[in-house]
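Student: Attaching a predicted model along with its sequence, questions to come.
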Amino acid sequence: MKKLIVLVVLTFLLAVGSFSTKATWDVGASSGSTDGLNESWRLGANPYIDKDFLLKPVVVTSVTTHSSQGTCVITKVAIKARGKAVRSVRLRWYLSTEEKLGRVIATGETAEIQVPGGILPGSTKELECRVLSFDEIRSKVLEVKSNSRDLRIDVDIAKVKFEDAQTWREQAKSRLDYMTRQDRDKAVLAKASFNPATGKTLVPVVQIGTITTV
């Protein structure tokens, strides 16, 4: 069992690098705005990796941004399905600063995004969709009282509709709780302790989110 747990931990450490991809753009003065935002802000876009990341049925694993007409736009995300096939998703984004990491300044959701062909269990699919642009959060940025010019956007799953018509949704957060090493080890231990013959784990696992039938 110890060897199995170590193997799973190492496998996760190798994979988590792809989850942590961060794209950064300089925004602000370059956009030519006249609303007082005449300083250069750096905007980083990330998948939201919280303490329950390994236990969720569906997660965002990467975020892609590009510059459009002088502003930063999030245009693509990769979604991984674990136990069930996914039909559609709704995404949620959180705005914070690197200086006060985890303190949410603003949040919002996309409309429901249909997934052509669905996402099969255990697979990942990139979705091309407009999640957020810097112009949409410009007013909130102006209100930020911070010495830091590094802004952070975390993208998470808000709601999922599965192919079997069930749905799963996650509560919006007022503060972000990023995964720590202890959280990771606990989640990995729970997954490694799972016995498929009995359907039980040696470590209790708390249900994440809410699953309902439509």
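Tutor: Yes, it's here.
Student: hey, let's count contacts and neighbours off CA atoms from now on
Tutor: Will do.
Student: Show me the helices in this structure, by range?
Tutor: Taking DSSP state H as the criterion, the chain contains helices spanning 2-19, 134-143, 181-192.
Student: Any regions of the chain where pLDDT drops low?
Tutor: Under the criterion pLDDT under 70, the flagged ranges of the chain are 1-40, 68-71, 145-148, 187-214.
Student: can you rerun that using 50?
Tutor: Along the chain, the model assigns pLDDT under 50 to residues 1-23, 29-36, 194, 196-197, 199-214.
Student: which residue ranges form the strands in it?
Tutor: Under the criterion DSSP state E, strands of the chain are mapped to 23-27, 41-47, 58-68, 71-81, 86-97, 106-109, 113-119, 124-133, 150-162, 166-169, 194-195, 200-201, 210-213.
Student: Need those in JSON lines (columns: distance to residue 177 and mean neighbour count).
Tutor: Shown next, in JSON lines, are those (distance: least, C-alpha to C-alpha, whole Å; neighbours: other C-alpha atoms under 10 Å):
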{"stretch": "strand 23-27", "distance to residue 177": "21", "mean neighbour count": "19"}
{"stretch": "strand 41-47", "distance to residue 177": "13", "mean neighbour count": "23"}
{"stretch": "strand 58-68", "distance to residue 177": "15", "mean neighbour count": "21"}
{"stretch": "strand 71-81", "distance to residue 177": "20", "mean neighbour count": "20"}
{"stretch": "strand 86-97", "distance to residue 177": "12", "mean neighbour count": "22"}
{"stretch": "strand 106-109", "distance to residue 177": "15", "mean neighbour count": "16"}
{"stretch": "strand 113-119", "distance to residue 177": "26", "mean neighbour count": "15"}
{"stretch": "strand 124-133", "distance to residue 177": "22", "mean neighbour count": "16"}
{"stretch": "strand 150-162", "distance to residue 177": "11", "mean neighbour count": "23"}
{"stretch": "strand 166-169", "distance to residue 177": "17", "mean neighbour count": "18"}
{"stretch": "strand 194-195", "distance to residue 177": "25", "mean neighbour count": "12"}
{"stretch": "strand 200-201", "distance to residue 177": "25", "mean neighbour count": "14"}
{"stretch": "strand 210-213", "distance to residue 177": "19", "mean neighbour count": "12"}
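Student: Among those strands, which comes closest to residue 175?
Tutor: strand 86-97 (9.3 Å; C-alpha to C-alpha).
Student: Direction-wise, compare the closest one with strand 124-133 and give the angle.
Tutor: In terms of direction (axes from the mean of the first three to the mean of the last three C-alpha atoms, to 10 degrees), strand 86-97 departs from strand 124-133 by 40 degrees.
Student: Pairing partners for strand 86-97, with directions?
Tutor: As defined by DSSP bridges, the strand partners of strand 86-97 come to strand 106-109 (antiparallel), strand 113-119 (antiparallel), strand 150-162 (antiparallel).
Student: so can I have CSV of those showing distance to residue 169?
Tutor: CSV is the format used below for the strands paired with strand 86-97 (distance: least, C-alpha to C-alpha, whole Å):
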stretch, distance to residue 169
strand 106-109, 12
strand 113-119, 14
strand 150-162, 4
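Student: Let me know which of those strands is the nearest to residue 74.
Tutor: Using C-alpha to C-alpha, the nearest of the strands paired with strand 86-97 to residue 74 is strand 150-162, at 9.6 Å.
Student: For residue 97, give me its contacts.
Tutor: Residues in contact with residue 97, defined by C-alpha atoms under 8 Å, 6 or more residues apart in numbering, are 103, 148-152.
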